[in-house]
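Trainee: what follows is a predicted structure for the sequence shown.
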Number of protein chains: 4
Amino acid sequence: MIRVTLVSNHRPGYARLVSTPSDGDVPLRSGGRPRDPGRDSALLAAAGEILPEVGYDRLTVEAVAARAGAGRATVYRRWKDKSELVRDAIEALGWEVPIPDTGSLRADLIALGTAYVDTSSRRDAVLAAIASSMARDPQLRETVERVIATPRREAYALVVERARARGEIAEGADLGLIAHVIPAMIFHRIMILGEPTDGAFFERLIDSLSLPLLTGERSSE
Amino acid sequence: MIRVTLVSNHRPGYARLVSTPSDGDVPLRSGGRPRDPGRDSALLAAAGEILPEVGYDRLTVEAVAARAGAGRATVYRRWKDKSELVRDAIEALGWEVPIPDTGSLRADLIALGTAYVDTSSRRDAVLAAIASSMARDPQLRETVERVIATPRREAYALVVERARARGEIAEGADLGLIAHVIPAMIFHRIMILGEPTDGAFFERLIDSLSLPLLTGERSSE
Amino acid sequence: MIRVTLVSNHRPGYARLVSTPSDGDVPLRSGGRPRDPGRDSALLAAAGEILPEVGYDRLTVEAVAARAGAGRATVYRRWKDKSELVRDAIEALGWEVPIPDTGSLRADLIALGTAYVDTSSRRDAVLAAIASSMARDPQLRETVERVIATPRREAYALVVERARARGEIAEGADLGLIAHVIPAMIFHRIMILGEPTDGAFFERLIDSLSLPLLTGERSSE
Amino acid sequence: MIRVTLVSNHRPGYARLVSTPSDGDVPLRSGGRPRDPGRDSALLAAAGEILPEVGYDRLTVEAVAARAGAGRATVYRRWKDKSELVRDAIEALGWEVPIPDTGSLRADLIALGTAYVDTSSRRDAVLAAIASSMARDPQLRETVERVIATPRREAYALVVERARARGEIAEGADLGLIAHVIPAMIFHRIMILGEPTDGAFFERLIDSLSLPLLTGERSSE
DNA sequence: GCCTAACCGAGACGGTACGTCCGGTCTTTTT
DNA sequence: AAAAAGACCGGACGTACCGTCTCGGTTAGGC
């Protein structure tokens, strides 16, 4: 289980665990009514719902606050502006990757790919909604990299390393590049092709791309 | 050379060749001052400059008009709204693909990849700027598909077909899927990794991904 | 008839006749859609209605714009802020004083007093609404002085001068001070006592205060 | 010496002597920590300072509490809202009128007038700050009437009554109206003219207005 | 000498208004 | 007519204050 911590907010007073906000938020100073952690999660959940519905630019702070039953000031008390709210909302969606260990490279890769985008929770739409902001917002890119991409790459690297130990990996394979093929194909399919990322697609990715590249053999052979 | 034609505008009066707007625009009705075709190209050029600078949502119609020395009404006379303007501005950037024919699959692929994104003209930033809008705007997706993706896929298919005729392509390769690997890796590199797409990167793509998948052999072998 | 002119607005482009806004507003620069003078008067009228209804601080720019069927930006295009809008709204209410000349000092004074506050148009409530702001806002004080107080003092001075020419004024009367008695009593009655300023009140003011002070005689004698 | 008592607060628990808050406040119920009377006076003093500085609407409860070293809740525990706080703050400024008895109507009137507004303590600015609220807030008007106006009118009535006993008052003088002339002129001078109320001004009021009206004679005669 | 209830400072809470900016439309004069 | 200019309505932005509530901590009685 990977857990991520943001140490400080843009307004002083709190250390905040964003990905698991209810765990240990504590005021750094004494005095005053403590922030209601329920407001954090309600607002992040509201933003996480609205974002895939209408996209980044049509998401209004007013709408997020209203859906959470909160006032706008409660939002701006926690996040400097809309972009920061959205960053945390993405993070709060939860992108944990279960690391499979079935003893078979193919089964492990399919398990990983299936977990990559859980279409039932509109995470693909979220990704699409913020994609273009990433080019302009280094903090958003950092968030996506840290929360989404890195855990997946690490899980993938571990699965491949186990396969190598079993002798399944061909020598000379460019593992660093191959690690990007699956995410890139998924992202491309969502963003450019606009097609669904279902089980059949994952199997095709594995059998036609990953396994040939990793093992040096056609899967059909 | 591929040339694309839009037959009608949202406001009556003109047939317009969007990708080459100065060529043959003619008023469908007589009377009145004719539209200045120079305004079209100046506005599209301005939008094409501003888009990669600030991204889609911070691109304001006012700024585009100002940079073109035009009034806002001149923009709205030509395009229904901002999204339509941006669509045409992307199209007007020019995404023609020269189809190489060197006799070598590897050389052809490298030539194609190099042409994919011409970083000197910030086309990658343009792509990044509009990425998230594609999820929400089917017309934008259609434009990107038609202007950018399809020509590249067709060029790629031709190059591969020639290689097959030369006997370079392995049987059983999933050509439909492999055709997406290079664009997906480029798009992923720009959007998620935020890294430059230079010559070394293209060579690595070809040698570590495309050639092994197409020919069934490690290029280093 | 006294007419007052404001030469410039806080935003460039227009010379503006505030008290008679439809007369001669002219753009100082050419080009562009001219401001709709009907928006000026509708907004000023709306502010002039709302002000006595709810008072200065509960008057919202949104409410003024809504009653005028305008957008908030249209307000802020004309007035820097709420206080400036209210200043002009007061001015636009119209405070012209007809200068009576009946041949009788008493009749002239009663005519003047009756005109001082036209209760049917809630001008007293307007005065009350802005009273405290006058202490803090020198521009508001200047407006009230110029638009309301000065014309009345001049009318009063003329009436008294005519009476002096007829020999009705006692020597030694402190005319400069006496000129303030009626306005002061009216203002005091509105603000402190909160009682209506009706005809009987004006007659009592004239007969018990002004005439004895000016002529040196009890009116009842 | 006139002393005024408020019997109850908007929140139960205390009877409160507002004008002399430290005298005898007693909890009506038992139990719990008693309110600190020092908080009352500190808050009223803070409000009484800030009011003439910035006016009614720019006076914030936060600023009052901060200047008193208190929290906002401590304010709202005592006063229902800002208007009630300001009402009590005005009352607490102290507006007692010493009733002169010099044997001379003129000397008595001058003594009264001088006491009317003690310019050294910004009481005139306080009056100006709340003037417009009086039209909208009957309780504020009642407070001003009771705390400021009535005591002065009673003192004035007593002084005039003594003069009448000495035979100085002309028959037929409209004493009820004349009683308002001085307060009205002072209020008018502060609010409309924005000029200081100094000794010379009071003497002029007495000699040019009050004495002629009361005695039927020019003071200079 | 605790217990308890209400106080206290601090500050979060849901609202509402501010003044600014932009989108898409409309209306001028000039070309 | 199209052009540049810019006013128009609507609506979101981020800030500030209102009056309420809630926290940890304090401070009297009453038992």
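Mentor: Everything's here; your move. From a predicted model like this one, the values you see are computed outputs, not experimental measurements. Numbers count the residues shown, from 1 in each chain, chains lettered A, B, ... in the order given.
Trainee: chain A: strands as residue ranges?
Mentor: In chain A, the segments counted as strands under DSSP state E are A:14-15, A:26-27.
Trainee: hey, least reliable of those by pLDDT?
Mentor: Lowest mean pLDDT of those: strand A:26-27, a mean of 48.
Trainee: and the residue lying closest to A:L175 once chain neighbours are set aside, how many neighbours does it have?
Mentor: With C-beta to C-beta, 6 or more residues apart in numbering or on different chains as the criterion, A:L175 has its nearest non-adjacent residue at 6.3 Å, and that residue is A:V160. In this view, the C-beta of every residue, glycine as well, is placed from N, C-alpha and C. Around A:V160 there are 21 other residues, counting by other C-beta atoms under 10 Å in any protein chain shown.
Trainee: and for A:V181?
Mentor: Using other C-beta under 10 Å, A:V181 has 22 neighbouring residues.
Trainee: what's the burial count for the residue nearest to it when sequence neighbours are not counted?
Mentor: With sequence-adjacent residues excluded and distances taken as C-beta to C-beta, 6+ apart, A:V181 is closest to A:L209, at 5.6 Å. Applying other C-beta under 10 Å, we find 23 residues neighbouring A:L209.
Trainee: ok, A:L209 - contacts?
Mentor: A:L209 sits next to A:181-182, A:185, B:174, B:177-178, B:181, B:213 when contact means C-beta atoms under 8 Å, 6 or more residues apart in numbering or on different chains.
Trainee: gap between stretch A:146-160 and the chain center?
Mentor: Taking C-alpha atoms, centre = their mean, to the nearest Å, one finds stretch A:146-160 lying 11 Å from the centre of the chain it belongs to.
Trainee: again with stretch A:58-73
Mentor: Offset of stretch A:58-73 from its chain centre (C-alpha atoms, centre = their mean): 23 Å.
Trainee: same question, stretch A:83-90
Mentor: 12 Å.
Trainee: wait, does that stretch contact chain B?
Mentor: No. Figure legend: stretch A:83-90 not in contact with chain B (C-beta under 8 Å from any C-beta of the partner chain); closest approach 10.8 Å.
Trainee: so, low pLDDT: which residues of chain A?
Mentor: For chain A, the stretches with pLDDT under 70 are A:1-30, A:117-121, A:218-221.
Trainee: pick out the residue closest to the middle of it.
Mentor: A:I148 (3.2 Å; C-alpha atoms, centre = their mean).
Trainee: just give the closest residue to that one, not the sequence neighbours.
Mentor: A:W95 (4.9 Å).
Trainee: let me see the contact set for the one you found.
Mentor: So A:W95 contacts A:123, A:147-148, A:151 (C-beta under 8 Å, 6+ apart).
Trainee: in helices, which of those appear?
Mentor: Judged by DSSP state H, the subset of those located in helices is A:123, A:151.
Trainee: reformat the contacts of A:L209 into a markdown table and put distance to DNA strand E next to each item.
Mentor: Converted to a markdown table, those look like this (distance: C-beta to the nearest atom of the strand, whole Å):
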| residue | distance to DNA strand E |
| --- | --- |
| A:V181 | 37 |
| A:I182 | 37 |
| A:M185 | 33 |
| B:D174 | 42 |
| B:L177 | 37 |
| B:I178 | 39 |
| B:V181 | 36 |
| B:L213 | 43 |
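Trainee: tell me the most packed of the residues you listed, by neighbour count.
Mentor: Using other C-beta under 10 Å as the neighbour test, the contacts of A:L209 are led by A:M185, with 27 neighbours.
Trainee: distance check, that one against B:D198.
Mentor: Going from A:M185 to B:D198 by C-beta to C-beta, to the nearest Å gives 22 Å.
Trainee: so A:L112 touches A:T102, yeah?
Mentor: No. Between A:L112 and A:T102 there is no contact under C-beta atoms under 8 Å: 10.7 Å.
Trainee: quick check: closest non-adjacent residue to the residue of chain A found nearest chain C.
Mentor: Across chain A, the shortest distance to chain C (C-beta to the nearest C-beta) belongs to A:E62, at 15.0 Å. Spatially, and ignoring its direct neighbours in sequence, A:E62 is nearest to A:R72 (6.2 Å; C-beta to C-beta, 6+ apart).
Trainee: check A:R189 too.
Mentor: A:R189's closest residue in space is A:E195 (C-beta to C-beta, 6+ apart), at 5.4 Å.
Trainee: show me what contacts A:T143?
Mentor: A:T143 makes contacts with A:87, A:90-91, as judged by C-beta under 8 Å, 6+ apart.
Trainee: with respect to DNA strand F, which of those is nearest?
Mentor: DNA strand F has its nearest neighbour among the contacts of A:T143 in A:R87, at 12.6 Å by C-beta to the nearest atom of the strand.
Trainee: do you know how far the closest one is from C:L140?
Mentor: A:R87 is 46 Å from C:L140, by C-beta to C-beta.
Trainee: ditto for A:Y76
Mentor: Relative to C:L140, A:Y76 is positioned 33 Å away (criterion: C-beta to C-beta).
Trainee: DNA strand F contacts on chain A?
Mentor: Those residues of chain A that sit near DNA strand F, judged by C-beta under 7 Å from any atom of the strand, are A:30-34, A:59-62, A:72-73, A:76, A:80-82.
Trainee: tell me how far the residue located most distally from the centre of chain A lies from chain D.
Mentor: Here chain A reaches farthest from its C-alpha mean at A:G31, the gap being 35.8 Å by C-alpha atoms, centre = their mean. A:G31 sits at a distance of 9 Å from chain D (criterion: C-beta to the nearest C-beta, to the nearest Å).
Trainee: counting neighbours, go ahead and name the busier of A:Y76 and C:L140.
Mentor: Set A:Y76 next to C:L140 and count neighbours by other C-beta under 10 Å: C:L140 wins out with 20 against 17.
Trainee: touching, the more buried one and C:S83? I think so.
Mentor: Yes. With contacts counted by C-beta under 8 Å, C:L140 reaches C:S83, the gap being 6.9 Å.
Trainee: which neighbours do these two share?
Mentor: Taking C-beta under 8 Å, 6+ apart as the contact rule, C:L140 and C:S83 both touch C:S133.
Trainee: who's in contact with the nearest residue to A:I178 once chain neighbours are set aside?
Mentor: Of all residues not flanking A:I178 in the chain, A:L213 sits nearest, at 4.9 Å (C-beta to C-beta, 6+ apart). A:L213 makes contact with A:173, A:178, A:181, B:208-209, B:212-213, according to C-beta under 8 Å, 6+ apart.
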